[in-house]
Every structure is written in structure tokens, then in C-alpha cells.
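Q: Give me the fold of what follows.
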Amino acid sequence: MIRIASLTARLAALFAALTACLLVLAAVLFGRMLDAHFQELDAHELHGKLTLIRNALQVGSVQPVPSGRFEVLDRSFVGHESVGVLLRAVDGRVLHVIHPEHFTPAQREGARLAEAAAEWTVDGHPHRGLEARIELPVNGANDAPIDVLVALDLSHHAHFLASVRNATWAGVAVAALVAALFGWFAAHRGLAPLRRVTDTARRLSARQLDERLAADDAPLEVRDHVDAFNGMLARLEGAFQRLADYSADIAHELRTPISNLMTQTQVALSRPRTIDEYQDILASNLEEYERIARMVSDMLFLAKAEEDTLANAGESIDLAREADALIDFYEALADEHRVRIVRQGRASVHGDRLMLRRALSNLISNALRHTPAGGEITIAIDTDASGVHLAVCNVGEPIPAAQLERIFDRFHRGSTRRERHGEGAGLGLAITRSIVRAHGGEISAHSSAGVTRFAITLPVLPEDALRTNRLGFAASAAPTPTRRDNDPL
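A: Next comes the predicted model:
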């Protein structure tokens, strides 16, 4: 069995085969109809010749001798070389023959037809014949009956049908070839977007992901594929850009503590020092190690959240109680900054308590860093048909619109200052978004008129449905909020 690898060639072959089958079917039907029509014409002509013979014999019956009848019959068939006539007596004796070449030797010797109408071949020429018995009156009385066999040469019909058949097969071949060419052209044009996809894919690299396919000239069957491919390119471009930014940011973030560690170690080794001095240097180094450890821990958390490999946990959580506990936790820091934290409303959700507490802690810690002295932070909790809503609002310098678009990205800070030692690496809001999304919710940020608002929407889910969701680390793996665990914006 021949296998065609090219889809264009397959479609072209399919077009050709379908066209050929339809034309062959039409030719067969046309041939049968034409053959039936010729049979009808031949039967009509044979009956007409039989009537002619009867009339000629009746006219000749007035002749004094029987041979006079046949002379009239012979004159009637002058110029009819394709018609043969054979007259027999009832006993089978042949009385007269006109154009004997149209009859077989047996028929010329008196053999009768098996049926009234039959077909036979003489010297390769097809014939169709009709046999009938007629009565000839003589002087008012009936003469003996005569059997008449009329033969019609069908060679001209056969030649015509052969020429029609040859022309039909030639037409089928030409039409199949034209259909194949048309199918190849249509398939080639229709699959052009797929070839462009292939060419674009060959040119893709990490540095060249900005190419897009034009969907205007693509057929409807391929347009979805083109749109999906363009969407994939857009996602890849965004992912590579984020990866490049992420790599640059993490290199910058790790460079500072590593540089500090190297500098302090070199200074410590530059000359002998007292035990107290070594302890101070080791304590300073420990802070840098803790900073690196927090960064690695947060990065692992984000990686697990994106890969959907976090542990399952679910319990009923009173958001108001968790907010009050965090307000107590940050009370001393808030008093130090002369900032007031208040909570409004209450609601309950299902989820991982420590994970949601960590998300809320990140938002409160972030708000404390950006609220001026004498300001206020509001934690608003309410619920409606769309879900449970939790918002953390603070007054202060608004966040520019350009910053809001990337505020939940890794290592992004609202400030460009990176020399702040001891603060986080800008992963707090990214972690908060991962926790919220792991609970099936969404988080957004708005900043205008001196008020910044982070809004979380969580669905109200039954416990059995919640167990099928990815929620975060197990309760034992989630850290308790501390001042150094909370990252700045």
C-alpha cells in the first residue's frame, strides 16, 4: 500500500480520486442509458422493416408466380445494406435471403431463433434480429404462412459507443488531473499559514520572540491555530522577559549579601582580632546568611506554587480573628511609626490558616512601611454573593500607574533604592498573590488620591470542595510572621 506523506499530495490525490469516481459513475449511467436508447431504436427499426416486408409480400402476392413476390421485396431493400432478410417456410425450408452476410450459417440453413428477438455476431460484427410469422392472402384465401427473420447490423452503434467510451475515459483522466492540480493548489494555499508557523518556529530563539503570524489571510480552520501560536509566542516572550528580569534581580540581590560577607571576612582576616570583634563579625555575617536563607525559602515557595506541588490543607478561618492577632503583633511597630491600624467587618473562609495569615501579614507590613506618621491603616472585611472580600488600605504617597502593573512581580519594589540592608528582596507581594490564587481567589492593587488599596477576593467554598484545591505549605511549614520575614514593596 502506497503511503503519501504530504498532506497537500493527499488532498490532491483525494480530489483526483473523487472526481474520477464521480465521472466514472456518470459515464456508466450515461452508457447504460445510451445502450437502452439504441436498443429501443433498433427494436423500432426492426418492427418497421417487418411491416415493410409484410406490405411488400402482400403487394407481390398478386404476381402469377411466387418469385414475383420476392422481386418486389428485393426492390424494397435496395440501399439497405445493414439489413438482412431471410424467408422460411413453416417446415424450415429457406425460401429467400436478402444480404445473407448478416446471418450465421445455421440460420441460412433454416435454424430458428431461440427467442423472438435475439443478438448474434457474424465475422466480428454484432447483429440484432427479430423473427415473426406472416400470412399472405392469395385470391381471397390464405396462403401458407411464412417465417420472416430480419437482421440489423449494429457495427455503426458499436463504433459510436467505442468512440464515446474512449472520449469518456480521456475526459475522466483529464478531469482527474485538473482536479488533482486544483486540489494541490487549494491545499497549498490553504496550508500556507502552517508553513509560516514552521518557518517562524525555525527562526525562534530566546532573543527573537517578537514575531507574530498574520491571521487575516488564514482560512477559518487554521485561524484558531494561528491565534493559538501567536498567543504562545506572546506568553513565551513574556516568560523569557520575566526570566531575564528575574535572573538579573536575583543576581543583584544575592550580590549584596555575598559581597558583604566577603568584605567582612577579608577585613576579619586582615589582622588578628579579639574574640569580641570576631563575634561581632560573625553576628553580622549571620544576618546576611539569614537574608539569603529567607530569599531562597521564598523562591522555593513561589516555585512550588507555580508548579502546583504545595501541600493540601483546609480549615475554617475567621478572618477578623486573624486580622486582630496581626494587629496585636504589629502594635509596637505601629506605635513606633505613630500609625493606627483598625479592622472593620468580619467573615470566614476555608483554607490554610497560616498561609492566609502570612498573606495578610505581608500586606500589613507593606502598608506600615509606606504610611506616614499620623496615618491610618484600615483592614476591611465583608462578604457578598461573589465571595469574601478583604482590603488593606493606607494613606501615603500613591503608587505610579506604571508600578501598579508590575507590583506583584518578583523582586519588584516601588522604590528603586536597593541599598536598604536588612529588608526583604521584594518577594512579599508575589508570595501574597500565589497564596491568594492557591485559594482560588484574586488580588488587585489600586492607588489614587493619596490612598493605596490592596483588595483580596476569596470564594466561599465547602470543605469537601476545598480539599481538591492546592492551598500552600502544610501548617507546620508556613512561618509565623516576623518583622524580618515581611518584604517591602
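Q: Is the nearest residue to L18 once chain neighbours are set aside part of a helix or strand, or is it coil?
A: Nearest-residue entry for L18: A179, 7.4 Å, with adjacent residues in sequence omitted and distances by C-beta to C-beta, 6 or more residues apart in numbering. For glycine as for every other residue, the C-beta is placed from the backbone atoms N, C-alpha and C. At A179 the chain is in helix, as set by DSSP: H, G, I helix; E, B strand; the rest coil.
Q: cool, and G92?
A: Strictly by three-state DSSP, G92 counts as coil.
Q: ok, now which ones touch it?
A: 110, 112 (C-beta atoms under 8 Å, 6 or more residues apart in numbering).
Q: what about 10 Å?
A: 109-112, 147 (C-beta atoms under 10 Å, 6 or more residues apart in numbering).
Q: for the one helix or strand P193 maps to, which positions count as buried?
A: Per DSSP states H and E: P193 is located in helix 192-203. In terms of neighbour count (16 or more other C-beta atoms under 10 Å), helix 192-203 has its buried residues at 193-194, 196-197, 200.
Q: before we move on, back to that, the residue nearest to L18 contacts A16, correct?
A: Yes. Counting by C-beta atoms under 10 Å, A16 is a contact partner of A179 at 5.1 Å.
Q: Mark which of the contacts of G92 are buried, thanks.
A: So, by 16+ other C-beta under 10 Å, the buried ones in the contacts of G92 are D147.
Q: Against N366, how distant is the residue nearest to I381 when sequence neighbours are not counted?
A: Once flanking residues are discounted, I381 sits nearest to G345: 4.0 Å by C-beta to C-beta, 6+ apart. Computed as C-beta to C-beta, to the nearest Å, the G345 to N366 distance reads 21 Å.
Q: hmm, back to that, now for the residue nearest to L18: which residues touch it?
A: Applying C-beta under 10 Å, 6+ apart, the residues near A179 are 12-20, 22-23.
Q: show me where pLDDT drops low in the stretch 351-489 of the chain?
A: Residues of the stretch 351-489 of the chain that meet the criterion pLDDT under 70 lie in 411-425, 461-489.
Q: And the stretch 151-300 of the chain, by the same measure?
A: Counting by pLDDT under 70, the stretch 151-300 of the chain contains low-confidence residues at 206, 215-219, 221-222, 246, 249.
Q: do that again at 90, thanks
A: The stretch 151-300 of the chain contains residues with pLDDT under 90 at 154-173, 175-300.
Q: Can you get me a residue count around S247?
A: As a burial measure, S247 scores 10 neighbours (other C-beta atoms under 10 Å).
Q: helices and strands around the strand or helix carrying it, which ones?
A: Taking DSSP H and E as the definition, one finds S247 inside helix 220-269. Secondary-structure packing of helix 220-269 (3 or more C-beta pairs under 10 Å, 6 or more residues apart in numbering; DSSP states H and E): helix 192-203, helix 275-307.
Q: quick one: which of those helices is nearest V451?
A: helix 275-307 (28.0 Å; C-beta to C-beta).
Q: Walk me through which strands whichever helix or strand comes after that closest one pairs with, and which way each runs.
A: The C-terminal neighbour of helix 275-307 among helices and strands, as given by DSSP H and E, is strand 315-318. Strand 315-318 pairs in its sheet with strand 348-351 (antiparallel), by DSSP bridges.
Q: Show me what counts as buried in the strand it pairs with.
A: Neighbour count says strand 348-351 has 349-351 buried, by 16+ other C-beta under 10 Å.
Q: again with stretch 428-447
A: Those would be 428-436, 438-441, 443, 445, 447, for stretch 428-447 by 16+ other C-beta under 10 Å.
Q: Kindly format the C-alpha coordinates of it as PDB.
A: Listed next in PDB are the C-alpha coordinates belonging to stretch 428-447 (Å, rounded to 0.1, in the frame of the first residue of the first chain):
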ATOM      1  CA  GLY A 428       6.300  39.600  49.700                       C
ATOM      2  CA  LEU A 429       3.600  40.700  47.300                       C
ATOM      3  CA  ALA A 430       4.500  37.900  44.800                       C
ATOM      4  CA  ILE A 431       4.100  35.400  47.600                       C
ATOM      5  CA  THR A 432       0.800  37.000  48.700                       C
ATOM      6  CA  ARG A 433      -0.600  36.700  45.200                       C
ATOM      7  CA  SER A 434       0.500  33.000  45.000                       C
ATOM      8  CA  ILE A 435      -1.300  32.300  48.300                       C
ATOM      9  CA  VAL A 436      -4.500  34.000  47.200                       C
ATOM     10  CA  ARG A 437      -4.500  32.200  43.900                       C
ATOM     11  CA  ALA A 438      -3.800  28.900  45.600                       C
ATOM     12  CA  HIS A 439      -7.100  29.500  47.500                       C
ATOM     13  CA  GLY A 440      -9.000  30.200  44.200                       C
ATOM     14  CA  GLY A 441      -9.000  34.000  44.800                       C
ATOM     15  CA  GLU A 442      -7.600  37.100  43.200                       C
ATOM     16  CA  ILE A 443      -5.700  40.100  44.400                       C
ATOM     17  CA  SER A 444      -5.500  43.600  42.900                       C
ATOM     18  CA  ALA A 445      -3.900  47.000  43.800                       C
ATOM     19  CA  HIS A 446      -5.300  50.500  43.400                       C
ATOM     20  CA  SER A 447      -3.700  53.700  44.300                       C
END
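Q: What segments of this structure are helices?
A: 7-60, 66-76, 105-108, 155-190, 192-203, 220-269, 275-307, 319-329, 331-336, 353-370, 401-404, 428-438, 463-466 (DSSP state H).
Q: Taking helix 192-203 as reference, get the angle to the fourth one.
A: Right, the one you point to is helix 155-190. For helix 155-190 against helix 192-203, the angle by axes from the mean of the first three to the mean of the last three C-alpha atoms, to 10 degrees is 40 degrees.
Q: what is the orientation angle of helix 155-190 with helix 7-60?
A: Calculated by the same axes, to 10 degrees, helix 155-190 forms an angle of 160 degrees with helix 7-60.
Q: mind listing what the residue lying closest to T121 once chain neighbours are set aside touches?
A: Spatial nearest neighbour of T121, chain neighbours left out: H127 (6.8 Å); criterion: C-beta to C-beta, 6+ apart. Counting by C-beta under 10 Å, 6+ apart, H127 touches 42, 82, 84, 102-104, 107, 118-121, 151-155.
Q: Using PyMOL, make a named selection holding only the buried ones among those.
A: To isolate the buried members of the contacts of H127 in PyMOL, using 16+ other C-beta under 10 Å:
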select buried, resi 42+82+84+102+103+107+120+151+152+153+154
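Q: circling back: quick check, nearest of the buried residues of stretch 428-447 to F240?
A: Within those, distances to F240 taken as C-beta to C-beta reach their minimum at A430, with 18.1 Å.
Q: gap between the closest one and R437?
A: Distance from A430 to R437, by C-beta to C-beta: 11 Å.
Q: and if you look at I134?
A: Distance from I134 to R437, by C-beta to C-beta: 105 Å.
Q: and what of Q58?
A: If you go by C-beta to C-beta, the gap between Q58 and R437 works out to 110 Å.
Q: which helices and strands sit right next to the helix holding P193?
A: Packing partners of helix 192-203 (3+ C-beta pairs under 10 Å, 6+ apart): helix 220-269.
Q: Who are the contact partners of I443?
A: Shown in contact with I443 (C-beta under 10 Å, 6+ apart): 359, 363, 390, 408, 429, 432-437, 454-458.
Q: again, only this time at 6 Å
A: 433, 436, 456 (C-beta atoms under 6 Å, 6 or more residues apart in numbering).
Q: hang on, isn't the second one packed against T457?
A: No. Using C-beta atoms under 6 Å, V436 makes no contact with T457, being 8.3 Å away.
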